[in-house]
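Q: Quick check, what structure comes out for this input:
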Amino acid sequence: MVELEEKRGWIDRFFKETGSSYDEVVHRFTFGIDRRWKKKILSKMSSPKKVLDLACGTGILTFGIKAQYPQSQITGVDITEGYLQVARSKAGEMNVQDVTFIHSPAEDYLSDERYDVITSSYLPKYADIPLLMGHLRQMLAPGGIIILHDFTYPTSKTLQMTFELYFKCAQPIGAWAYPEWKDVLVELPAVIRNTDWVAEVTHAMRNEGLSDIEVESLTLQGAALVTAKKSIE
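A: Below you'll find the predicted structure:
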């Protein structure tokens, strides 16, 4: 099991200097599929009033939630200040109201607010899952839903070969076009291979007494969506 300190090291190397190009890179290197994944996340929500978006990054999902549910109040939390600067700049340019961005590691964030939806895209592989889930359960309103999304390593041998070929091709192209992403493209495949975040998340959800736990594999086993609800007390 990878210790949180090592995971924080990945975050520092991967994201310290990549905020300005993140939106373009995530769109190009997922061939636009990231947008479909975000729409899938949005489809799990039902007119939330308060939303917590952890590891919000530059706000791609945050602003997607706001566009679909304009009356919602959204709190975005991220560990990387450079990404939050991009998100805050977007909010100013779009004159978005009722969206707040907070600088904090996801596991450390604990609010007295009760959220109808707590979501995150690309967080679980970097997180201390038991600590994170304990805080999420506390902040989730009765009847609320947690929606977590991240990359997964395929179980199919054929799809594993596709995964390896993709990164073998992406690494030189990415290093040339986006030099600041070189370390990410080199190290990320191993991070994805070595994480079992879906099993860890579902186990932690059960331990916290959450219900209706569902796992959905996405796009050739390249990602997954895990959801759970908190019973109405």
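Q: partners of the helix or strand harbouring residue 141 in the sheet?
A: According to DSSP states H and E, residue 141 maps onto strand 140-151. Strand 140-151 has the following sheet partners, assigned by DSSP bridges: strand 115-121 (parallel), strand 223-229 (antiparallel).
Q: The nearest residue to residue 29 once chain neighbours are set aside - how many residues pack around it?
A: Nearest non-adjacent residue to residue 29, counting by CB to CB, 6 or more residues apart in numbering: residue 170, 6.1 Å away. (Glycine included, C-beta is placed from N, CA and C.) Other residues within reach of residue 170 by the criterion other CB atoms under 10 Å amount to 16.
Q: What backbone torsions are found at residue 170?
A: Residue 170 adopts backbone torsions of phi -70, psi -30, taken as degrees, to the nearest 10.
Q: Show me what the stretch of helix or strand residue 13 belongs to is packed against.
A: Under the criterion of DSSP H and E, residue 13 resides in helix 4-15. Contact here means 3 or more CB pairs under 8 Å, 6 or more residues apart in numbering; DSSP states H and E; on that basis helix 4-15 packs against helix 182-194.
Q: which of the residues in the worst-scoring helix or strand of the chain on mean pLDDT are buried?
A: The weakest-scoring helix or strand in the chain, judged by mean pLDDT, DSSP states H and E, is helix 4-15 (a mean of 87). Buried residues in helix 4-15, counted by 16 or more other CB atoms under 10 Å: 7, 10-11, 14-15.
Q: For the one residue sitting closest to the centre of the chain, give me the pLDDT.
A: Closest residue to the average C-alpha location of the chain: residue 121 at 1.9 Å, with CA atoms, centre = their mean. Per-residue pLDDT puts residue 121 at 97.
Q: Give me the contact list for the helix holding residue 13.
A: Contacts to helix 4-15, defined as CB atoms under 8 Å, 6 or more residues apart in numbering, come from residues 22, 57, 79-80, 82-83, 105, 107, 125-128, 183-184, 187-188, 191.
Q: ok so, going back, isn't the residue nearest to residue 29 up against residue 182?
A: No: using CB atoms under 8 Å as the test, residue 170 is too far from residue 182 to be in contact (10.9 Å).
Q: Could you name the specific helix or strand carrying residue 36?
A: helix 33-43.
Q: and that helix, what does it pack onto?
A: helix 22-29, helix 60-68, strand 115-121, strand 140-151, strand 211-218, strand 223-229.
Q: Among these, which comes closest to residue 36?
A: strand 211-218 (8.2 Å; CB to CB).
Q: Pull the residues that contact that closest one.
A: Applying CB under 8 Å, 6+ apart, the contact partners of strand 211-218 are 37, 40, 149, 152, 198, 202, 205-206, 223-231.
Q: can you do 10 Å?
A: With contact meaning CB atoms under 10 Å, 6 or more residues apart in numbering, strand 211-218 is reached by 33, 36-37, 40, 44, 145-147, 149, 151-152, 154-155, 198-199, 201-203, 205-206, 223-231.
Q: which of these are buried?
A: For these, buried by 16+ other CB under 10 Å: 33, 37, 40, 44, 145-147, 149, 151-152, 154, 198, 201-202, 205, 223-230.
Q: buried set for the host helix or strand of residue 165?
A: Taking DSSP H and E as the criterion, residue 165 maps to helix 157-177. By neighbour count on 16+ other CB under 10 Å, the buried set for helix 157-177 is 163, 167, 170-171, 174-175.
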